[in-house]
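Asks: With the sequence up front, the predicted model follows.
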Amino acid sequence: MAQTKRKRRRKHRGTQAGAIDRGGRRGRPRSREQAKAQARRRTQDRRDVAPTWRSAFYRGLFGGVIFFALALFLLGQPIGGALGLAVVMVAMYVPLGYYVDSFMYRRRMAQQQKKKQEQRERE
């Protein structure tokens, strides 16, 4: 009796509304080394991006909102006073956050440059 090759079934990716995800998923890494390499690549990319004033502003704004809530509820400040303190904190957080990020970015780039130079000297 001859064996017939079975066609591989694929998962149905549709929803109850009828939408079908045609993009397909990316498969899992085949080995642990590949998984580590992918994770390492993701973290390196994020840290190697130069800081921007926009990111510092959003981070400072987030900190200001949290400070506003703390001043309002924990410290018992009136809304106007809590808002004033929050604005002052945002004005301090934004430049401070940007310059700290810039310092860390320049330091990381210098370390990477030094590591590359050492590797070139060994070769």
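Replies: Everything's here; your move.
Asks: which residue is nearest the middle of the protein?
Replies: In the chain, the residue lying closest to the centroid (C-alpha atoms, centre = their mean) is Arg46, at 6.2 Å.
Asks: So that residue belongs to a helix, correct?
Replies: Yes: assigned with DSSP: H, G, I helix; E, B strand; the rest coil, Arg46 falls within a helix.
Asks: Please tell me how far it sits from Ser55.
Replies: Applying C-beta to C-beta, to the nearest Å, the value for Arg46 to Ser55 is 11 Å. (Glycine included, C-beta is placed from N, CA and C.)
Asks: Repeat that for Gln34.
Replies: 31 Å.
Asks: Quick check: phi and psi on Pro5?
Replies: Let me fix one detail, which is that residue 5 is Lys and not Pro. When read as degrees, to the nearest 10, the backbone of Lys5 gives phi -80, psi 130.
Asks: Quick one: residues contacting Arg108.
Replies: Neighbouring residues of Arg108 by C-beta atoms under 8 Å, 6 or more residues apart in numbering: Arg47, Asp48.
Asks: Need the three-state assignment for it.
Replies: Arg108 ends up helix, using three-state DSSP.
Asks: Let's see the pLDDT reported for it.
Replies: Looking at Arg108, its pLDDT stands at 92.
Asks: That one and Lys36, how far apart?
Replies: Arg108 is 20 Å from Lys36, by C-beta to C-beta.
Asks: do the same with Gln117
Replies: 26 Å.
Asks: so how far is the helix or strand hosting Leu72 off the chain centroid?
Replies: With elements taken from DSSP states H and E, the one containing Leu72 is helix 53-73. Per C-alpha atoms, centre = their mean, to the nearest Å, the displacement of helix 53-73 from the mean C-alpha position of its chain is 18 Å.
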